[in-house]
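K.L.:
need a 3D model of the following:
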Amino acid sequence: MARPSRQRNAPSTATALQQGLVVSSHGRHSVIECPDGSRRIVHPRGKKNQAVVGDRIAWAAQPEGQGDDGTIERVEERRNLFYRQDEMRTKAFAANIDQVLVWLAAEPEFSHKLLARALIAAEAAHIPPLIVLNKSDLGELHARGWERLAPYRAMGYPVLGLSLADAEHHPNDAALQALRQALHGKATLVLGPSGTGKSTLINWLLPGANVQTGEISQALNSGKHTTTSTHWYWIDRDSQTAVIDSPGFQEFGLHHVQPTDLASYMPDLRQHVAQCKFYNCTHLHEPGCGVLAQVGAPLAEGGVHPLRHKFYAELFAERVADERY
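P.N.:
Have a look, this model is predicted:
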């Protein structure tokens, strides 16, 4: 990868806007990739035009003598934006993506609540999710994790179980090939908690990815490895296959989701809403509720797992409380 450069390009006028893809974001500075493959450091003009990884932007070089960095003049219209939001702040992960890969592991044991929140955010943004459970080499622990994912498989979410531990020695492993196929031709945000092997995944897909992030860090004079930032990596530019690596997370706020919309973003609940007696049913206590009638029923028959409904009730209460303050 060509190192992001602070070298001045050919002089340009204020109207000579150029196109770029945001491939990394660090506070108010972003690294963009130009159509010719070169990379450049840019920043938004004033408080507007704040960009995130995956954004397509129009940018301009600084006038002669006013610095080497470019300025973001316009963020082009987004197809989507995947983000989380709590009461105090919004954290945008990436824009214009084709799918979200929720990367989990048999160990440490994953959180149902974090997984469910990430899936709700994906549903709200109309971005298809893919769930992967790593470390199948751990045997019983992986089998336990696979069983915990049964409600999500029953909902129709694609779920893969695999191990990256021996990926180098078993490149033709069926599960690994299935993952490559699922990523092909798409821009995929890789999302998951720390300790699950996300960095191993990125370096398996693209050996030398750590070198790239180090180069970006050096170009930005940050003096540290940029593990707290989000990065776009081309796996195969010709087929438009890319992965976006994001920092691990321990919480996932859904302040941007209305409590009355929650059921529509949970497929196991959503399929039964039409059977509710009342149009404004909260699916918590109303008589004739189609969702409540399915709580505890067999998953294979469209049932709602009790833990899933309990999570829904907790999240509904959380969001109602947020609305009051």
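
K.L.:
going by C-alpha atoms from here, please, whenever you check contacts or count neighbours.
P.N.:
Fine.

K.L.:
need phi/psi at the residue positioned nearest the centre of the chain.
P.N.:
Within the chain, the residue whose C-alpha comes closest to the C-alpha centroid is residue 189; the distance, by C-alpha atoms, centre = their mean, is 4.1 Å. For residue 189, the backbone dihedrals are phi -80, psi 120 (criterion: degrees, to the nearest 10).

K.L.:
isn't it right up against residue 101?
P.N.:
Yes. Taking C-alpha atoms under 8 Å as the definition, residue 189 is a contact partner of residue 101 at 5.9 Å.

K.L.:
residue 171: how many residues sit nearby?
P.N.:
Using other C-alpha atoms under 10 Å, the number of residues around residue 171 comes to 12.

K.L.:
pLDDT value on the closest residue to it other than its chain neighbours, please?
P.N.:
On the basis of C-alpha to C-alpha, 6 or more residues apart in numbering, the spatially nearest residue to residue 171 that is not a chain neighbour turns out to be residue 177, at 7.8 Å. pLDDT, residue 177: 95.

K.L.:
go on, residue 87?
P.N.:
At residue 87 the predicted local distance difference test score is 80.

K.L.:
in contact with it, which residues?
P.N.:
Contact analysis of residue 87 by C-alpha atoms under 8 Å, 6 or more residues apart in numbering lists 255, 322.

K.L.:
how about it, secondary structure?
P.N.:
Put simply, residue 87 is coil when judged by DSSP: H, G, I helix; E, B strand; the rest coil.

K.L.:
look up how far residue 257 lies from it.
P.N.:
Using C-alpha to C-alpha, to the nearest Å, one obtains 12 Å as the distance from residue 87 to residue 257.

K.L.:
residue 124 and residue 265 touch, don't they?
P.N.:
Yes. The criterion here is C-alpha under 8 Å, and residue 124 meets it with residue 265 at 6.3 Å.

K.L.:
residue 58 reaches residue 18, doesn't it?
P.N.:
Yes. Applying C-alpha under 8 Å as the test, residue 58 and residue 18 come out as touching, 5.4 Å apart.

K.L.:
with adjacent residues omitted, what lies nearest to residue 287?
P.N.:
The shortest distance from residue 287 to any non-neighbouring residue, by C-alpha to C-alpha, 6+ apart, is to residue 277 (7.4 Å).

K.L.:
the one you found contacts residue 293, doesn't it?
P.N.:
No. Taking contact to mean C-alpha under 8 Å, the distance of 11.4 Å between residue 277 and residue 293 leaves them out of contact.

K.L.:
neighbour-wise, which of the two wins?
P.N.:
Residue environment comparison for residue 277 versus residue 293 gives the larger neighbour count to residue 293, 16 against 13, counting by other C-alpha under 10 Å.

K.L.:
look at the more buried one and report its pLDDT.
P.N.:
You'll see residue 293 listed with a pLDDT of 98.
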